[in-house]
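Participant: give me a model of this one.
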Amino acid sequence: MKKIAVSMLLIMTMIVGILTGCTNSAPTPTPAAPAEAKTSADVLIIGGGGAGLVAGITAAENGANVILVEKMPAVGGNTLISATGITASDTKLHEAAARPFTKEDHFKKTMETGKNLADEKLVKLLVDSSNDAYEWLLTLGLKYKLDPKDAFWIIPEEGHYGAELVKALSAKAATFADKLEIRLETKATELVVENGKVVGAKVTNKDGKEQVITAKSVILATGGLNNAPEMIAEFNPKYAGVNVEMTTPGATGDGIRMAQAIGAQLKDMEHFQMRPLSLNGYWFKEVIVNEEGKGGILVNKDAKRFVDETMKSLDLASEILKQQDRMAYVVIDSDVFATKDGAKMIDKAKGVKADTIEDLAKQLGLDPATLKATIDEYNAKNDTFGRKTFGKVATAPFYGAITKPSSHYTMGGVAINESAQVLDKDGKVIEGLYAAGEVVGGLYGAGRVAGNNTLDDIVFGKIAAKHAVGK
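Facilitator: Purely as a prediction, here's the structure:
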């Protein structure tokens, strides 16, 4: 899931701007409810990202009275900044283009990407439901095409994927205003349990007033923990101090913590998608430093290489995080800069350019003699890190930029069954509690196929809602 780049200071401005400014028809989000608002519903949904909105729409469609609480000033969550598309198999698009991507292909790709650690039953359900999810998006007025390179990817005909999707979901939600109430700037803080069943949640509104909302069923759709670096480090110390620019402010693991507090089982919490090359909210493909015959290098603040730049991205990220100030410098030559990825890195990371390595070092604040010696050694293919394929840094002008590894997606979360019911540590159902979206663990294992995440928002958002209302 590529993310559009925004600074943390501007991200909420972007959220509100997209929802209200992309088109004159964009609905105005329902304002936070006053303190005297109703305190019960058939279904309480915690979180207003993609999964939460899908669940709210589905529950309302099935006749339930729904309250959705969202702690941020606008709905959308991380779905809003998702810039790719959706993965689906055996669709009419594939048939029309004669570019097959079958359910079998989809299942295999999902399992292999996650190192076969994902729950096969959940993955099969995801895959088998993918065409229905795609067809449902079409009913919202959205239009898609196959990605020119990858048949598994379905992308918008035009516009930004996440923004258009959230706009469409918001418009659909607005048609159920009599059934679906969205309360913004309302944060759930604790699940309420009676006789072993979840019956609601404690919430706090923007004025700091606390309230208990009771419900027959509760759906967690709070997203992951990409903006909770201390929590990331708790579950995987390798990623301590990781950058969090590639996420929205609300992704702080609230739902995971609330579920954990009542004994929910967590799955795959050590697994995260990390981008080793990133800065200012952008990420850059590792081909910049690992392409044979062309790729550049990474150096630390001592102007020395410290790693085999061709290692797997997760390992590369953790190695960079071990360096001083948890950062590194990407150094490339003009041949790499001439590529799309090289130019993007230098542009978006606000890199520097020089005619000599020594001048480049000065601009980066590195020791010129050391950086020159490092590059000479690399160009001579003298390597102590086990790199098997070499690029080169030989053709002037030269370029350099800072990189800080960023958290990109949370693989782990609460365990669920095929009905999206949350499970306890013994694998038993926690009555009254459901989950959908990035708060869920078990769907991906150690890796994620891009586009499956937006698919699972729809598939399990619908499943959670239908079961929550007894359908």
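
Participant: only C-alpha atoms for contact and neighbour calcs from this point on.
Facilitator: Will do.

Participant: centroid-wise, who is the farthest residue in this protein?
Facilitator: In the chain, residue 369 marks the outermost C-alpha relative to the chain mean, sitting 40.9 Å out by C-alpha atoms, centre = their mean.

Participant: check what pLDDT that residue gets.
Facilitator: pLDDT recorded at residue 369 is 98.

Participant: in stretch 89-106, which residues are buried?
Facilitator: Neighbour-count burial for stretch 89-106, counted by 16 or more other C-alpha atoms under 10 Å, picks out 89, 90, 91, 93, 94, 100, 101, 102, 103, 106.

Participant: quick check: end-to-end length of stretch 148-159?
Facilitator: End-to-end distance of stretch 148-159: 16 Å, with C-alpha to C-alpha, to the nearest Å as the criterion.

Participant: how about the residue farthest from the centre of the chain: what's its closest non-neighbour residue?
Facilitator: Nearest non-adjacent residue to residue 369, counting by C-alpha to C-alpha, 6 or more residues apart in numbering: residue 358, 6.9 Å away.

Participant: show me the contacts for residue 292.
Facilitator: Counting by C-alpha atoms under 8 Å, 6 or more residues apart in numbering, residue 292 makes contact with 389, 390, 391.

Participant: give me the buried subset of these.
Facilitator: For those, buried by 16+ other C-alpha under 10 Å: 390, 391.

Participant: name the residues of stretch 411-429 that are buried.
Facilitator: Taking 16+ other C-alpha under 10 Å as the criterion, stretch 411-429 shows 411-417, 419-424, 429 as buried.

Participant: so of the buried residues of stretch 89-106, which ones are in helices?
Facilitator: For those, the ones inside helices are 93, 94, 103, 106, with DSSP state H as the criterion.

Participant: tell me the one of the residues you listed nearest residue 205?
Facilitator: Nearest to residue 205 among these: residue 106, at 41.9 Å, using C-alpha to C-alpha.

Participant: can the buried residues of stretch 89-106 go into TSV with extra columns for distance to residue 135 and pLDDT?
Facilitator: Below are these laid out as TSV (distance: C-alpha to C-alpha, whole Å; pLDDT from 0 to 100):
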residue	distance to residue 135	pLDDT
89	11	97
90	11	97
91	8	97
93	11	96
94	13	97
100	17	96
101	16	97
102	16	97
103	15	98
106	17	98
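
Participant: any low-confidence regions in the stretch 1-150 of the chain?
Facilitator: 1-37 (pLDDT under 70).

Participant: ranges for the helices of it?
Facilitator: With DSSP state H, counting those that start in this stretch as the criterion, the stretch 1-150 of the chain has helices at 11-21, 50-61, 92-97, 103-113, 120-128, 130-139.

Participant: hmm, who's touching the shortest one?
Facilitator: If you take C-alpha under 8 Å, 6+ apart as the criterion, helix 92-97 is touched by 100, 101, 145, 146, 151.

Participant: with the last one instead?
Facilitator: Around helix 130-139, the neighbours that count as contacts under C-alpha under 8 Å, 6+ apart are 86, 87, 88, 89, 90, 91, 455, 458, 459.

Participant: give me that answer again for 10 Å
Facilitator: Residues outside helix 130-139 that contact it (C-alpha atoms under 10 Å, 6 or more residues apart in numbering): 86-92, 103, 106, 124, 126-127, 142-144, 154, 165, 168-169, 452, 454-459, 462.

Participant: between that helix and helix 120-128, how many degrees?
Facilitator: With axes from the mean of the first three to the mean of the last three C-alpha atoms, to 10 degrees defining the directions, helix 130-139 sits at 40 degrees from helix 120-128.

Participant: cool, the second one as well?
Facilitator: Direction vectors for helix 50-61 and helix 120-128, defined by the same axes, to 10 degrees, enclose an angle of 70 degrees.

Participant: for helix 50-61, name the packing helices and strands.
Facilitator: strand 40-46, strand 66-69, helix 161-174, strand 180-183, strand 210-220, strand 429-435, helix 452-468 (3 or more C-alpha pairs under 10 Å, 6 or more residues apart in numbering; DSSP states H and E).

Participant: now the residue nearest to the spatial centre of the chain: which helix or strand?
Facilitator: What sits nearest the mean C-alpha location of the chain, by C-alpha atoms, centre = their mean, is residue 409, with 3.9 Å. If you go by DSSP states H and E, residue 409 is part of strand 406-410.

Participant: now that strand and helix 452-468, what's the angle there?
Facilitator: Using the same axes, to 10 degrees: strand 406-410 against helix 452-468 is 40 degrees.

Participant: who are the contact partners of residue 352?
Facilitator: By C-alpha under 10 Å, 6+ apart, the contact list for residue 352 reads 331, 346, 360, 361, 363, 364, 398, 399, 400, 401, 402.

Participant: and it, what are its bridge partners?
Facilitator: With DSSP bridges as the criterion, residue 352 is bridged to residue 400.

Participant: what's the answer for residue 46, then?
Facilitator: Going by DSSP bridges, residue 46 forms beta bridges with residue 69, residue 220.

Participant: residue contacts, it?
Facilitator: 52, 56, 67-71, 186-189, 201, 203, 218-223, 254-255, 435.

Participant: related to what we said a few turns ago, residue 193: which of the contacts of helix 92-97 is nearest?
Facilitator: Distances from residue 193 to those, taken by C-alpha to C-alpha, are shortest for residue 101, at 44.0 Å.

Participant: excluding its backbone neighbours, what's nearest the closest one?
Facilitator: Nearest to residue 101 is residue 89, by C-alpha to C-alpha, 6+ apart, at 5.3 Å.

Participant: gap between residue 257 and residue 301?
Facilitator: Residue 257 sits 37 Å away from residue 301, going by C-alpha to C-alpha.

Participant: counting by contacts, list what the helix or strand containing residue 358 packs against.
Facilitator: Element membership of residue 358 [criterion: DSSP H and E] is helix 357-364. Applying 3+ C-alpha pairs under 10 Å, 6+ apart, we find helix 357-364 packed against strand 328-333, strand 352-354, helix 368-379, strand 398-403.

Participant: will you turn those into JSON lines that also has distance to residue 278?
Facilitator: Formatted as JSON lines, these follow (distance: least, C-alpha to C-alpha, whole Å):
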{"stretch": "strand 328-333", "distance to residue 278": "10"}
{"stretch": "strand 352-354", "distance to residue 278": "16"}
{"stretch": "helix 368-379", "distance to residue 278": "22"}
{"stretch": "strand 398-403", "distance to residue 278": "5"}
